[in-house]
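Engineer: I'd like to go over a predicted model; first the sequence, then the structure.
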Amino acid sequence: MGVATEPIGSIPRPQRLLDGIAAHGEGQTSQAELDALYEDAVRETVASFEHTGSPVVTDGEQRKPSFATYPIAGLEALAPDGVVIPFADGHTRQLPRLTAGPFRYGTYAGAYLEAARPHARVPMKQAVIAASALSLLYPEGGIDGYSREAFLDDLVAEAEADIRSCLAACAHAVQIDFTEGRLAVKLDPSKEVLRSFVELNNRVLGRFSPAERERLGVHTCPGGDQDSTHSADIDYSELLPSLFELEVTNFYVQLASEHDRGRVLDIIAGHLKPGQMVFVGVTDPIDPRVETPEEVCERVLEAAAHVPVAQLGTTDDCGFAPFGDDVSTARETAFAKIAARVAGTEIASRELGLSSS
């Protein structure tokens, strides 16, 4: 077997889908018409993914409003004035605020996988949002009659159900998006928030057997959105030791856009446990330039000089459009970068003396 390679997940939506979503929001099209646009986008995305040669694909998160809010889209007990997340270029994203309990998901990610699987001929993975991200929905002032402890109990149960829905739908892997990890250090240098996030996520993961956790992973990046990030200025050494305390097998780590990849790889090598896999980012979705397969190969060989090859895989630094309205990257560019990742990983596998088949 060669060096494994997997995508992170999201792909920019076709313009006709974005136009259809806007038209539906204005009452100009029916739900059936919108559903047909979603189906076409998923079919086209899966086919384009497979055309790159990717051995594992996703549905590109075409049906998700965003990687973070899909479980709560359309729920009534929400107000729009939740936590604000600032990005380096000045734009912000804002989470909603929970106004009443009990907390329940409106959508489980396994439903997206079930809808996409008929279009795929290769294994599919599914991304889910971390419980730690959704914990930010609970307001600092509390909710009358619904304590934070009760909320967290409900959240842990729902996060478990979300992951199990993907396993039941035969996901090749379930990737927990934990982009708030690095941000937590920025907001709280004492790392108390980060520790609480890791503890909460491990409450969820502790509900799975060792065999089930072999199919689970966690993704970290500095929050790519509209060609900007929210926490790239935080040194990875502040996050990575805690990241590897999460009770999963697979780690998907943004790396291509790091200034000192060798130093980060040393940190990873120092904390990677036997039996764990680390998929290092070898393409940068924020950079409009498409990497060449040769560049990707060099990055894989660089990583292989630090991390045991048997525990090494490759990925993209981040999703290409984690928020549904992000059009900063063209679909063609995203798939070109994925194709370069696949080809470059194959070249590196041969140079490392591994079979790429």
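Structural biologist: Looks like it arrived, so ask away.
Engineer: Going along the chain, name the strands of the protein.
Structural biologist: Using DSSP state E, the strands of the chain run over residues 4-5, 78-79, 84-86, 92-94, 97-98, 126-129, 174-177, 216-220, 250-253, 277-283, 312-316.
Engineer: Can you work out which other helices and strands pack against the longest one?
Structural biologist: The one in question is strand 277-283. Applying 3 or more CB pairs under 8 Å, 6 or more residues apart in numbering; DSSP states H and E, we find strand 277-283 packed against strand 4-5, strand 250-253, helix 261-271, helix 293-304, strand 312-316, helix 331-351. C-beta here means a position set from N, CA and C on the backbone, and glycine is covered the same way.
Engineer: For Gln126, find the nearest of these.
Structural biologist: Gln126 sits nearest to strand 250-253 of all the helices and strands packed on strand 277-283, at 13.0 Å, using CB to CB.
Engineer: What strands flank the closest one, and is each parallel or antiparallel?
Structural biologist: strand 216-220 (parallel), strand 277-283 (parallel) (DSSP bridges).
Engineer: Pipe the strands of the chain into JSON lines and attach mean pLDDT per row.
Structural biologist: Shown next, in JSON lines, are the strands of the chain (pLDDT from 0 to 100):
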{"stretch": "strand 4-5", "mean pLDDT": "98"}
{"stretch": "strand 78-79", "mean pLDDT": "97"}
{"stretch": "strand 84-86", "mean pLDDT": "91"}
{"stretch": "strand 92-94", "mean pLDDT": "93"}
{"stretch": "strand 97-98", "mean pLDDT": "98"}
{"stretch": "strand 126-129", "mean pLDDT": "98"}
{"stretch": "strand 174-177", "mean pLDDT": "98"}
{"stretch": "strand 216-220", "mean pLDDT": "98"}
{"stretch": "strand 250-253", "mean pLDDT": "98"}
{"stretch": "strand 277-283", "mean pLDDT": "98"}
{"stretch": "strand 312-316", "mean pLDDT": "98"}
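Engineer: As TSV, the ones you listed with distance to Phe244 would be great.
Structural biologist: Shown next, in TSV, are the strands of the chain (distance: least, CB to CB, whole Å):
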stretch	distance to Phe244
strand 4-5	18
strand 78-79	34
strand 84-86	24
strand 92-94	27
strand 97-98	30
strand 126-129	20
strand 174-177	14
strand 216-220	9
strand 250-253	7
strand 277-283	9
strand 312-316	15
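Engineer: Among these, which comes closest to Asp40?
Structural biologist: strand 126-129 (20.1 Å).
Engineer: Name the strands paired with the closest one and say parallel or antiparallel.
Structural biologist: Strand pairing (DSSP bridges) places strand 126-129 next to strand 174-177 (parallel).
Engineer: about what we covered before: turn the strands of the chain into CSV, columns for mean neighbour count and distance to Lys337.
Structural biologist: Output for these, formatted as CSV (neighbours: other CB atoms under 10 Å; distance: least, CB to CB, whole Å):
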stretch, mean neighbour count, distance to Lys337
strand 4-5, 22, 12
strand 78-79, 14, 35
strand 84-86, 14, 25
strand 92-94, 13, 23
strand 97-98, 20, 36
strand 126-129, 26, 18
strand 174-177, 27, 18
strand 216-220, 25, 17
strand 250-253, 27, 15
strand 277-283, 26, 4
strand 312-316, 27, 7
